[in-house]
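*Asks:* sequence first, then the predicted structure:
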Amino acid sequence: MKIRTMAGGLATAAVMTFGGFGYAAAQPGDFSTLPIDPNLITDSLAYNAAPAVFNPNGQPGVETVYTHRDGSRTITSTILVLPDPAAATAALDGARAGLAGTVANGKSQPAAVGSGGTILTGMSPDGSKSITVLSFGEGNTATTIEFAGAPKDPVPSDLVLELGRKQDTAIRDWQAA
Amino acid sequence: MRKIGMALAIVAVMSGPVATAQTAYAAQTSHDTNTYTQPAVPVGPKVTMLDCRGTTGDMGCGPGWFWRDGWRGWACYPC
(Lines give C-alpha, C1' and ligand atoms only; values in the text may rest on other atoms or scores of the structure.)
Protein backbone atom coordinates (compact mmCIF):
# COMPACT_ATOMS: atom_id res chain seq x y z
CA MET A 1 0.00 0.00 0.00
CA LYS A 2 2.84 2.27 0.91
CA ILE A 3 4.65 1.45 -2.33
CA ARG A 4 1.49 2.10 -4.30
CA THR A 5 1.14 5.49 -2.65
CA MET A 6 4.72 6.43 -3.43
CA ALA A 7 4.31 5.36 -7.02
CA GLY A 8 1.23 7.47 -7.31
CA GLY A 9 3.09 10.39 -5.87
CA LEU A 10 5.93 10.03 -8.32
CA ALA A 11 3.52 9.80 -11.20
CA THR A 12 1.83 12.94 -10.04
CA ALA A 13 5.17 14.67 -9.71
CA ALA A 14 6.16 13.57 -13.20
CA VAL A 15 2.92 14.85 -14.64
CA MET A 16 3.41 18.15 -12.86
CA THR A 17 7.00 18.43 -14.07
CA PHE A 18 6.39 17.64 -17.70
CA GLY A 19 3.02 19.30 -17.78
CA GLY A 20 4.69 22.58 -17.04
CA PHE A 21 6.73 22.53 -20.22
CA GLY A 22 9.72 23.70 -18.24
CA TYR A 23 8.26 27.09 -17.45
CA ALA A 24 5.67 26.55 -14.76
CA ALA A 25 8.02 24.23 -12.93
CA ALA A 26 10.58 27.03 -12.70
CA GLN A 27 8.17 29.53 -11.24
CA PRO A 28 8.04 29.41 -7.50
CA GLY A 29 5.62 32.30 -7.50
CA ASP A 30 8.15 34.71 -6.09
CA PHE A 31 8.68 37.34 -8.75
CA SER A 32 10.55 39.75 -6.51
CA THR A 33 13.95 38.66 -7.79
CA LEU A 34 13.02 38.99 -11.46
CA PRO A 35 13.55 42.72 -12.15
CA ILE A 36 17.14 43.74 -12.80
CA ASP A 37 18.28 46.71 -10.78
CA PRO A 38 19.65 49.37 -13.17
CA ASN A 39 22.27 50.23 -10.59
CA LEU A 40 24.09 47.14 -11.81
CA ILE A 41 25.11 49.09 -14.88
CA THR A 42 25.44 52.56 -13.35
CA ASP A 43 27.59 54.04 -10.65
CA SER A 44 25.62 51.73 -8.30
CA LEU A 45 23.77 54.50 -6.50
CA ALA A 46 22.00 56.34 -9.28
CA TYR A 47 18.54 54.78 -8.88
CA ASN A 48 16.20 54.21 -6.01
CA ALA A 49 13.70 51.39 -6.32
CA ALA A 50 10.10 51.76 -5.29
CA PRO A 51 8.43 48.76 -3.66
CA ALA A 52 7.64 46.11 -6.24
CA VAL A 53 4.05 45.82 -7.39
CA PHE A 54 3.00 42.23 -7.80
CA ASN A 55 0.45 41.15 -10.38
CA PRO A 56 0.12 44.59 -11.98
CA ASN A 57 -3.30 45.19 -13.53
CA GLY A 58 -4.37 41.78 -12.36
CA GLN A 59 -1.83 39.93 -14.49
CA PRO A 60 0.72 37.58 -12.93
CA GLY A 61 4.11 39.19 -12.72
CA VAL A 62 5.92 42.11 -11.16
CA GLU A 63 6.47 45.79 -11.84
CA THR A 64 9.21 47.93 -10.32
CA VAL A 65 9.88 51.65 -10.79
CA TYR A 66 13.44 52.92 -10.42
CA THR A 67 13.85 56.67 -10.02
CA HIS A 68 17.10 58.52 -10.60
CA ARG A 69 18.38 60.31 -7.52
CA ASP A 70 17.89 63.66 -9.21
CA GLY A 71 14.29 62.76 -9.98
CA SER A 72 14.55 63.50 -13.67
CA ARG A 73 14.63 59.93 -14.96
CA THR A 74 12.61 56.79 -14.32
CA ILE A 75 12.96 53.20 -15.44
CA THR A 76 9.85 51.05 -15.13
CA SER A 77 10.30 47.32 -15.54
CA THR A 78 7.22 45.19 -16.01
CA ILE A 79 7.56 41.42 -16.31
CA LEU A 80 4.47 39.34 -16.86
CA VAL A 81 4.65 35.61 -16.28
CA LEU A 82 1.97 33.96 -18.37
CA PRO A 83 0.80 30.39 -18.87
CA ASP A 84 2.64 29.84 -22.16
CA PRO A 85 4.68 31.61 -24.86
CA ALA A 86 1.59 32.23 -26.96
CA ALA A 87 -0.02 34.12 -24.12
CA ALA A 88 3.21 36.07 -23.67
CA THR A 89 3.25 37.04 -27.33
CA ALA A 90 -0.37 38.14 -27.10
CA ALA A 91 0.43 40.20 -24.02
CA LEU A 92 3.34 41.87 -25.81
CA ASP A 93 1.16 42.71 -28.78
CA GLY A 94 -1.40 44.22 -26.47
CA ALA A 95 1.21 46.24 -24.62
CA ARG A 96 2.68 47.58 -27.85
CA ALA A 97 -0.74 48.54 -29.11
CA GLY A 98 -1.37 50.39 -25.88
CA LEU A 99 1.84 52.37 -26.27
CA ALA A 100 0.41 54.13 -29.28
CA GLY A 101 -1.61 56.26 -26.91
CA THR A 102 1.22 57.04 -24.52
CA VAL A 103 4.12 57.63 -26.91
CA ALA A 104 3.72 60.42 -29.44
CA ASN A 105 5.62 60.38 -32.72
CA GLY A 106 6.94 56.96 -31.80
CA LYS A 107 9.52 55.28 -33.97
CA SER A 108 9.86 51.54 -33.64
CA GLN A 109 12.88 49.44 -34.47
CA PRO A 110 13.89 45.85 -33.79
CA ALA A 111 16.20 45.13 -30.88
CA ALA A 112 18.42 42.09 -30.39
CA VAL A 113 16.94 41.27 -27.01
CA GLY A 114 14.97 38.15 -26.17
CA SER A 115 12.31 37.08 -28.63
CA GLY A 116 10.81 39.74 -30.87
CA GLY A 117 12.62 42.56 -29.13
CA THR A 118 11.45 46.03 -30.11
CA ILE A 119 12.45 49.55 -29.11
CA LEU A 120 9.92 52.33 -29.38
CA THR A 121 11.20 55.90 -28.99
CA GLY A 122 9.16 59.07 -28.84
CA MET A 123 7.76 61.72 -26.57
CA SER A 124 4.99 61.81 -24.04
CA PRO A 125 1.76 63.18 -25.50
CA ASP A 126 2.27 66.53 -23.72
CA GLY A 127 5.89 66.75 -24.86
CA SER A 128 7.21 66.98 -21.33
CA LYS A 129 9.20 63.73 -21.44
CA SER A 130 11.24 61.61 -23.75
CA ILE A 131 9.97 58.04 -23.72
CA THR A 132 11.74 54.87 -24.80
CA VAL A 133 10.16 51.45 -24.36
CA LEU A 134 11.97 48.16 -24.84
CA SER A 135 9.68 45.14 -25.11
CA PHE A 136 10.59 41.53 -25.61
CA GLY A 137 9.44 38.02 -24.90
CA GLU A 138 11.29 35.14 -23.31
CA GLY A 139 9.44 31.86 -23.08
CA ASN A 140 6.22 32.50 -21.23
CA THR A 141 7.23 35.96 -20.08
CA ALA A 142 6.45 39.34 -21.60
CA THR A 143 8.69 42.21 -20.54
CA THR A 144 8.51 45.95 -21.09
CA ILE A 145 11.09 48.40 -19.78
CA GLU A 146 10.12 52.04 -20.06
CA PHE A 147 12.69 54.83 -19.81
CA ALA A 148 11.35 58.33 -19.21
CA GLY A 149 13.54 61.42 -19.05
CA ALA A 150 13.70 65.06 -19.92
CA PRO A 151 12.76 65.97 -23.50
CA LYS A 152 16.37 66.71 -24.39
CA ASP A 153 17.78 63.86 -22.37
CA PRO A 154 16.55 60.62 -23.94
CA VAL A 155 18.03 57.41 -22.66
CA PRO A 156 21.11 56.23 -24.60
CA SER A 157 20.32 53.25 -26.76
CA ASP A 158 23.34 51.32 -25.50
CA LEU A 159 21.97 51.51 -21.96
CA VAL A 160 18.58 50.25 -23.17
CA LEU A 161 20.16 47.25 -24.84
CA GLU A 162 22.50 46.51 -21.96
CA LEU A 163 19.78 46.59 -19.34
CA GLY A 164 17.42 44.65 -21.59
CA ARG A 165 19.92 41.89 -22.17
CA LYS A 166 20.69 41.61 -18.50
CA GLN A 167 16.97 41.41 -17.80
CA ASP A 168 16.55 38.73 -20.44
CA THR A 169 19.39 36.71 -18.95
CA ALA A 170 17.88 37.03 -15.48
CA ILE A 171 14.54 35.77 -16.77
CA ARG A 172 16.14 32.78 -18.45
CA ASP A 173 18.09 31.96 -15.31
CA TRP A 174 14.92 32.25 -13.27
CA GLN A 175 13.06 29.97 -15.65
CA ALA A 176 15.83 27.40 -15.53
CA ALA A 177 16.05 27.43 -11.75
CA MET B 1 98.41 125.44 -45.99
CA ARG B 2 99.31 121.94 -46.76
CA LYS B 3 97.48 120.73 -43.65
CA ILE B 4 94.38 122.60 -44.64
CA GLY B 5 94.47 120.98 -48.02
CA MET B 6 94.81 117.52 -46.52
CA ALA B 7 91.86 118.17 -44.20
CA LEU B 8 89.66 119.28 -47.04
CA ALA B 9 90.63 116.22 -49.02
CA ILE B 10 89.74 113.88 -46.13
CA VAL B 11 86.36 115.57 -45.63
CA ALA B 12 85.61 115.29 -49.31
CA VAL B 13 86.48 111.59 -49.35
CA MET B 14 84.27 110.86 -46.27
CA SER B 15 81.25 112.80 -47.40
CA GLY B 16 81.21 111.28 -50.86
CA PRO B 17 79.45 107.97 -50.09
CA VAL B 18 76.87 109.73 -47.91
CA ALA B 19 75.87 112.07 -50.65
CA THR B 20 75.72 109.21 -53.11
CA ALA B 21 73.55 107.17 -50.78
CA GLN B 22 71.10 110.00 -50.33
CA THR B 23 70.81 110.30 -54.03
CA ALA B 24 70.23 106.58 -54.41
CA TYR B 25 67.59 106.56 -51.65
CA ALA B 26 65.78 109.45 -53.27
CA ALA B 27 65.65 107.45 -56.47
CA GLN B 28 64.32 104.35 -54.72
CA THR B 29 61.40 106.06 -52.99
CA SER B 30 59.79 106.82 -56.27
CA HIS B 31 60.30 103.35 -57.81
CA ASP B 32 60.12 100.89 -54.89
CA THR B 33 60.17 97.30 -56.08
CA ASN B 34 60.83 95.69 -52.71
CA THR B 35 58.23 93.37 -51.15
CA TYR B 36 57.47 94.14 -47.56
CA THR B 37 55.93 91.46 -45.26
CA GLN B 38 53.47 92.42 -42.57
CA PRO B 39 55.03 91.42 -39.27
CA ALA B 40 53.13 88.69 -37.47
CA VAL B 41 50.88 89.88 -34.68
CA PRO B 42 51.80 88.22 -31.42
CA VAL B 43 49.11 85.69 -30.47
CA GLY B 44 48.04 85.37 -26.86
CA PRO B 45 47.38 82.11 -25.04
CA LYS B 46 45.43 79.83 -27.35
CA VAL B 47 42.55 77.75 -25.94
CA THR B 48 41.59 74.58 -27.74
CA MET B 49 38.05 73.44 -27.03
CA LEU B 50 38.40 69.90 -25.79
CA ASP B 51 34.98 69.35 -24.30
CA CYS B 52 31.86 71.22 -23.28
CA ARG B 53 33.78 73.33 -20.79
CA GLY B 54 36.83 73.86 -22.90
CA THR B 55 38.94 71.73 -20.66
CA THR B 56 39.74 68.08 -20.37
CA GLY B 57 36.78 67.66 -18.04
CA ASP B 58 36.46 67.44 -14.32
CA MET B 59 37.33 63.77 -14.34
CA GLY B 60 39.57 63.66 -17.36
CA CYS B 61 36.80 62.59 -19.70
CA GLY B 62 38.71 63.83 -22.71
CA PRO B 63 37.70 65.67 -25.84
CA GLY B 64 34.02 65.55 -26.65
CA TRP B 65 32.98 64.11 -23.31
CA PHE B 66 31.44 65.68 -20.27
CA TRP B 67 31.31 64.57 -16.66
CA ARG B 68 27.78 64.70 -15.27
CA ASP B 69 25.11 62.75 -13.41
CA GLY B 70 23.18 61.13 -16.24
CA TRP B 71 21.37 57.94 -17.11
CA ARG B 72 24.31 55.87 -15.91
CA GLY B 73 24.89 58.01 -12.85
CA TRP B 74 28.11 59.97 -12.57
CA ALA B 75 30.09 59.23 -15.70
CA CYS B 76 31.56 60.72 -18.86
CA TYR B 77 28.88 61.50 -21.43
CA PRO B 78 29.20 62.80 -24.98
CA CYS B 79 28.76 66.55 -25.27
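*Replies:* Now that the structure is in, tell me what you want to look at. Numbering: from 1, shown residues only, chains lettered A, B, ... in the order given.
*Asks:* give the contact list for whichever residue of chain B sits closest to chain A.
*Replies:* Proximity of chain B to chain A (Cβ to the nearest Cβ) peaks at residue B:73, 3.2 Å away. For every residue, glycine as well, the C-beta is placed using N, CA and C. Shown in contact with residue B:73 (Cβ atoms under 8 Å, 6 or more residues apart in numbering or on different chains): A:39, A:42, A:43, A:44, A:45, A:46.
*Asks:* ok, now residue A:35?
*Replies:* Taking Cβ under 8 Å, 6+ apart as the criterion, residue A:35 is in contact with A:52, A:62, A:64, A:77, A:79, A:167.
*Asks:* what helix or strand does the third one sit in?
*Replies:* In this case it means residue A:64. Element membership for residue A:64, per DSSP states H and E: strand A:61-68.
*Asks:* same for that strand, what does it pack against?
*Replies:* strand A:47-49, strand A:53-54, strand A:74-81 (3 or more Cβ pairs under 8 Å, 6 or more residues apart in numbering or on different chains; DSSP states H and E).
*Asks:* A helix includes residue A:89, no?
*Replies:* Yes: the assignment for residue A:89 by DSSP: H, G, I helix; E, B strand; the rest coil puts it in a helix.
*Asks:* how about the residue nearest to it when sequence neighbours are not counted: which residues does it bridge to?
*Replies:* Nearest residue to residue A:89, sequence neighbours excluded (Cβ to Cβ, 6 or more residues apart in numbering or on different chains): residue A:137, at 5.9 Å. Here residue A:137 shows beta-bridge partners residue A:115, residue A:142, assigned using DSSP bridges.
*Asks:* if I look at residue A:137, how far off is residue A:46?
*Replies:* 28 Å (Cβ to Cβ, to the nearest Å).
*Asks:* next, the angle from the strand holding residue A:64 to strand A:74-81.
*Replies:* Relative orientation of strand A:61-68 and strand A:74-81, computed by axes from the mean of the first three to the mean of the last three Cα atoms, to 10 degrees: 170 degrees.
*Asks:* what about strand A:61-68, average pLDDT?
*Replies:* Strand A:61-68 shows a mean pLDDT of 98.
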